[in-house]
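**Student:** Need a 3D model of the sequence below.
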Amino acid sequence: RRVENRKCADCPEKAPNYVNLEYRTFICQNCAAVHRDLFGPSKIKSVAMAVFTTDEVKAMRAGGNEHARKIWMARWTSGDDMDEP
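**Tutor:** Residues are numbered from 1 along each chain as shown. From the prediction side, this is the model:
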């Protein structure tokens, strides 16, 4: 387990128990509900209860929260009017 995946990619919640296969991130239950509204249930899986294909496991290993952060937060600066997630 990578340290950066021990916190939700979208909020400060610790020990996320879902993955977003679209973004290859680990997210908490509350954020998973929001993501389901955006992407539908097929892109969100429970870490503990779902069955993952070999390709999904490879994708998550290649991704992760830090990888997504480098992409999605690349232009964020501490001077922006919003808090860092």
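
**Student:** Helix, strand or coil: sort out Ala74 for me.
**Tutor:** Assigned with DSSP: H, G, I helix; E, B strand; the rest coil, Ala74 falls in the coil class.

**Student:** for the protein, which helix is longest?
**Tutor:** When the chain is parsed with DSSP state H, its longest helix is helix 29-39.

**Student:** And that one, what does it pack against?
**Tutor:** In terms of contacts (3 or more CB pairs under 8 Å, 6 or more residues apart in numbering; DSSP states H and E), helix 29-39 is packed against strand 18-20, strand 44-46. C-beta here means a position set from N, CA and C on the backbone, and glycine is covered the same way.

**Student:** which residues touch the residue nearest in space to the middle of the chain?
**Tutor:** With distances taken as CA atoms, centre = their mean, Thr25 lies nearest the centre of the chain, 2.4 Å away. By CB atoms under 8 Å, 6 or more residues apart in numbering, the contact list for Thr25 reads Ala9, Asp10, Val19, Gly63, Gly64, Asn65, Ala68.

**Student:** give me that answer again for 6 Å
**Tutor:** Ala9, Asn65, Ala68 (CB atoms under 6 Å, 6 or more residues apart in numbering).

**Student:** What residues sit buried inside the host helix or strand of the last one?
**Tutor:** Okay, so that is Ala68. Using DSSP states H and E, Ala68 sits in helix 65-72. Residues Asn65, His67, Ala68, Arg69 are the ones in helix 65-72 that count as buried (16 or more other CB atoms under 10 Å).

**Student:** do the same with stretch 11-26
**Tutor:** Under the neighbour-count rule (16+ other CB under 10 Å), stretch 11-26 has Pro16, Tyr18, Val19, Asn20, Leu21, Tyr23, Arg24, Thr25, Phe26 buried.
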